[in-house]
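Peer 1: Below are the sequence and a predicted model; questions follow.
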Amino acid sequence: MPSFKIDTSTAVVFVATAPAPKLANAKTGERAMDRETGAALSTVGLLVSDEGEGNLYQVTIPETGYDEGLAPGMPVRVVGLKARDWENEFNGQKRHGISFRAVAITPVA
């Protein structure tokens, strides 16, 4: 599926929830891994405010793309943020949504 770049150059971005391991299988605790690089994946909640509107996004990021010090309330810069729509079927019910992925998240100096 195609992905779409998201321009955050005019936005103010804060960490809403600290990075947490992304699981491929919640029952076994298996960690989700990046298919291209093999890096372990995490999710981080980001509050993105732009043009008078604020949104909370759960963003997937490789562990190599952020420092351990990311904490709620910290202003950050997001590198390579993309959105991708998804759809699947689970127990006969169709589900769909938008997933967000970034290359890196760095603190604003």
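Peer 2: Sure thing, it's come through. Since we're looking at a predicted model, the values are computed, not measured.
Peer 1: From now on I want contacts and neighbour counts done on CA atoms only, so please keep to that.
Peer 2: Will do.
Peer 1: Run through the strands of this structure in chain order.
Peer 2: 3-5, 12-21, 23-25, 30-31, 41-50, 53-62, 75-79, 82-90, 93-101, 104-107 (DSSP state E).
Peer 1: how much does the second one deviate in direction from strand 53-62?
Peer 2: Regarding strand 12-21 and strand 53-62, their directions subtend 40 degrees when assessed with axes from the mean of the first three to the mean of the last three C-alpha atoms, to 10 degrees.
Peer 1: Summarise which helices and strands strand 12-21 is packed against.
Peer 2: Under the contact criterion of 3 or more C-alpha pairs under 8 Å, 6 or more residues apart in numbering; DSSP states H and E, strand 12-21 touches strand 41-50, strand 75-79.
Peer 1: mind redoing it with 10 Å?
Peer 2: On a contact count with 3 or more C-alpha pairs under 10 Å, 6 or more residues apart in numbering; DSSP states H and E, strand 12-21 meets strand 41-50, strand 53-62, strand 75-79, strand 104-107.
Peer 1: which stretches of the chain have low pLDDT?
Peer 2: Applying pLDDT under 70 to the chain flags residues 1.
Peer 1: rerun that using 90 as the cut-off
Peer 2: Within the chain, the stretches with pLDDT under 90 are 1-3, 36, 67-68, 88-92, 109.
Peer 1: Centre-most residue in it?
Peer 2: V59 (1.1 Å; C-alpha atoms, centre = their mean).
Peer 1: check contacts around that one.
Peer 2: By C-alpha atoms under 10 Å, 6 or more residues apart in numbering, the contact set of V59 is 19, 42-46, 81-83, 99-102, 105.
Peer 1: now do K5
Peer 2: K5 sits in contact with 80-84, 100-102, where contact means C-alpha under 10 Å, 6+ apart.
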